[in-house]
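Asks: how would this look folded up:
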Amino acid sequence: MEKGRRDEIRLWTDRQILGGLELLQARFLDFRYPLHSHDVFVIAAFRDGAQKHRIARHHGVAYPGSVMVIPPGEVHTGESAERNGGWEYSALYPAPEALEALSGELSRAPRGRLDFGRRLLIDAPDLAAGLIDACDVAHRSPDPVARAEAVYRALDAIIQRHGQRTGGGAFRPPPNARLRPALDHIRAHYADPLRLSDIAGQVGLSEFYFMRTFKAQMNVTVHGYLTQVRLEAAKALLVAGTPAAEAAIATGFYDQSHFTGSFRRYFGVTPSRYATACR
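Replies: Predicted structure coming up:
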């Protein structure tokens, strides 16, 4: 694990699992996640301590034995619930299409996309233990079959018990159609030196009104969203073996120092540590 002042973080992608699955093992005392979101599910299990979080507009505390499921696109933060208390947890970040493939045998509700309802926290010590064990195996084992089986077992147990196809899992509705051209423009041109006027112009709004509309729809600032898009693109390059300096330039960061600082602020580890841990 990478050690900060009092934090220990291991974040990596295993290309042998689900076509490329990101995993995390962490023990946090000082680190605080900034407001951010993912295009994938976050499925986390808590081992020790207490984590205070905000997911969309919902606030709560996660304790050992609980499982947290955050739908794709839902903004969230996380930090220690108690001063000097910290928390320890493991997490998987499966893509929606990967979970769809795993849940192909789910027959309770055959229509609609897989979701986990509106419960953010599930009190399920057995599921939490299974997920924590899967992350341990995924880290320790040199055998890709053993790693994949451990992760599949943990995800299957969660899907079978709490998966559903109601289409009511996400708290945040999709952004309205008017905002879509701006999102598409950011995703198509994140590597360019974008200006706010260029992005706002995609939807015919003034910069000020666009900023307000974007924050209301996405629960994150325009700059925050752009940074996340750039960081996720940089992750993919790092997993593929691209040096950190080249990944920084290719994804629109001013320089490697800016890239490293942003990467560590959002993920708790440096780009080089992340790249080295991937397999």
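Asks: ranges for the strands of the stretch 151-279 of the chain?
Replies: Shown for the stretch 151-279 of the chain, no strands are assigned by DSSP state E, counting those that start in this stretch.
Asks: mind checking which helix or strand Thr13 is in?
Replies: strand 8-14 (DSSP states H and E).
Asks: Return the list of helices and strands in contact with the helix or strand following that strand.
Replies: For strand 8-14, the following helix or strand on the C-terminal side (DSSP H and E) is strand 21-28. On a contact count with 3 or more CB pairs under 8 Å, 6 or more residues apart in numbering; DSSP states H and E, strand 21-28 meets strand 8-14, strand 87-93, helix 125-140. (Each C-beta comes from the backbone N, C-alpha and C, glycine too.)
Asks: at 10 Å instead, please
Replies: strand 8-14, strand 42-49, strand 76-80, strand 87-93, helix 125-140, helix 144-162, helix 256-267 (3 or more CB pairs under 10 Å, 6 or more residues apart in numbering; DSSP states H and E).
Asks: got the buried residues for stretch 218-226?
Replies: Within stretch 218-226, the residues that count as buried by 16 or more other CB atoms under 10 Å are 218-220, 222, 224-226.
Asks: That should have said stretch 90-104, apologies.
Replies: By 16+ other CB under 10 Å, the buried positions in stretch 90-104 come out as 90-96, 98-99, 102-103.
Asks: And those residues, which is the shakiest by pLDDT?
Replies: Taking the buried residues of stretch 90-104 together, the minimum pLDDT is found at Ser103 (80).
Asks: Tell me how far it lies from Arg161.
Replies: Separation of Ser103 from Arg161 (CB to CB, to the nearest Å): 12 Å.
Asks: related to what we said a few turns ago, out of the buried residues of stretch 90-104, the closest to Arg147 would be?
Replies: Leu92 (11.8 Å; CB to CB).
Asks: Okay then, goodbye and thanks.
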